[in-house]
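Trainee: Have a look; sequence and predicted model below, questions after that.
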Amino acid sequence: MEKKKKKIKPSTILIYVFFIFMMVIYLAPVVWIAMTSLKTRAEIYKNPFAAPTVFHWENYKVAWEAGKLGIAMLNSLFVCVVTLVLTMLLGSMAAFAIGRMRWKLANAAMVYILIGMMIPVHCVLIPLFVRFANIGLSNNLWGLILPYLTFSLPTSVYIMTGFFRSIPNELLESACIDGCSIYKIFFQIALPLSRTGLFVTGLMTFIANWNELLLALVFISDGNKKTLPVALTKFVTPYQTNYDKMFPAIMIAIIPTIVVYTLFSNQIVDGLTTGAVKG
């Protein structure tokens with residue numbers, strides 16, 4: 001007997017059309033920036049949406065040297081990696097204490113931490129600048145790491161608390177019966193089981209701090225300590241914008257975030273798939 005052909009449901013077609021539409025929306029700006037980065041200034045002004053007639057790869061070299069993007073990228077990498085490590089470590093510790101340990105002020109501590117999500121950075125910009133200037137942290141990369149860490153912790157604690165609360169009580173109780181200390185339970189049991197949450201918080205923290213501009217623009221004035229988003233502002237002046245240099249610099253700035261997102265997204269999917277199957 002011939003196998004019956006499966007009919008494609010209209011809802012399935014609509015879903016695929018929707019995803020293709022969303023993919024085009026997200027990829028079109030990146031493709032346009034990539035094409036524009038290989039054009040001369042005259043070509044950009046003449047027809048900004050046309051494909052380049054000749055690929056001017058030297059634009060990347062000029063932008064790299066003019067904007068000092070090498071030093072700026074190292075500064076951004078240092079700030080983001082240190083903030084990422086501290087956020088994941090301190091945030092997971094606080095989340096474990098709130099989500100799994102029994103103490104009276106656990107809920108109050110959670111509320112206090114979540115208040116940090118409601119405070120916009122603009123409200124604390126001037127007080128932070130004055131305070132850091134008095135203690136010698138202005139024009140210092142550690143003066144960026146501290147506020148980055150402060151604004152990243154509430155989200156990290158909120159997400160990780162949910163993951164820690166999903167761990168079965170029997171598993172932690174068995175570890176206690178076997179003589180595991182609270183530190184051993186945290187590092188050897190709770191963290192490995194909550195690795196999906198670590199990937200989520202790590203991805204969000206890295207991308208948010210890599211693209212942050214306001215704090216870095218206010219706190220850092222030394223050209224050798226500026227981060228990558230601040231370095232991109234060099235190509236915009238009050239009288240003109242160097243598009244032939246700015247677009248290659250933008251591509252250089254977004255490539256690391258695309259790579260990091262791709263790596264972390266694969267890990268997140270694997271973690272969700274593993275967690276969805278119960279043995």
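Mentor: That came in fine, so what should we check first? No experiment lies behind these values; they were computed from the predicted model shown. Numbering: from 1, shown residues only.
Trainee: Okay, now the unreliable bits of the stretch 1-150 of the chain?
Mentor: Residues of the stretch 1-150 of the chain that meet the criterion pLDDT under 70 lie in 1-6.
Trainee: which stretches of it form helices?
Mentor: 10-36, 41-46, 58-66, 69-100, 106-115, 121-135, 142-165 (DSSP state H, counting those that start in this stretch).
Trainee: Which among those helices is found nearest to Thr262?
Mentor: helix 10-36 (13.0 Å; Cβ to Cβ). In this view, the C-beta of every residue, glycine as well, is placed from N, C-alpha and C.
Trainee: before we move on, back to that, which of the helices of the stretch 1-150 of the chain sits closest to Cys180?
Mentor: Closest among these, using Cβ to Cβ: helix 69-100, at 13.1 Å.
Trainee: distance between the closest one and the chain's centre?
Mentor: 10 Å (Cα atoms, centre = their mean, to the nearest Å).
Trainee: Show me what it is packed against.
Mentor: helix 106-115, helix 142-165, helix 195-210, helix 228-232, helix 243-276 (3 or more Cβ pairs under 8 Å, 6 or more residues apart in numbering; DSSP states H and E).
Trainee: Switch these over to CSV; also include mean neighbour count.
Mentor: Below are the helices and strands packed on helix 69-100 laid out as CSV (neighbours: other Cβ atoms under 10 Å):
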stretch, mean neighbour count
helix 106-115, 13
helix 142-165, 21
helix 195-210, 21
helix 228-232, 23
helix 243-276, 16
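Trainee: JSON lines for those helices, including distance to Glu58?
Mentor: Formatted as JSON lines, the helices and strands packed on helix 69-100 follow (distance: least, Cβ to Cβ, whole Å):
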{"stretch": "helix 106-115", "distance to Glu58": "49"}
{"stretch": "helix 142-165", "distance to Glu58": "32"}
{"stretch": "helix 195-210", "distance to Glu58": "26"}
{"stretch": "helix 228-232", "distance to Glu58": "19"}
{"stretch": "helix 243-276", "distance to Glu58": "9"}
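Trainee: Which of these has the lowest mean pLDDT?
Mentor: With a mean of 75, helix 243-276 has the lowest mean pLDDT of the helices and strands packed on helix 69-100.
Trainee: Span of stretch 48-66 from start to end?
Mentor: 23 Å (Cα to Cα, to the nearest Å).
Trainee: who touches it?
Mentor: Stretch 48-66 is contacted by residues 32, 35-40, 43, 69-70, 234-235, 244-249, 251-252 when judged by Cβ atoms under 8 Å, 6 or more residues apart in numbering.
Trainee: Now it: buried residues?
Mentor: Pro52, His56, Asn59, Tyr60, Ala63, Trp64 (16 or more other Cβ atoms under 10 Å).
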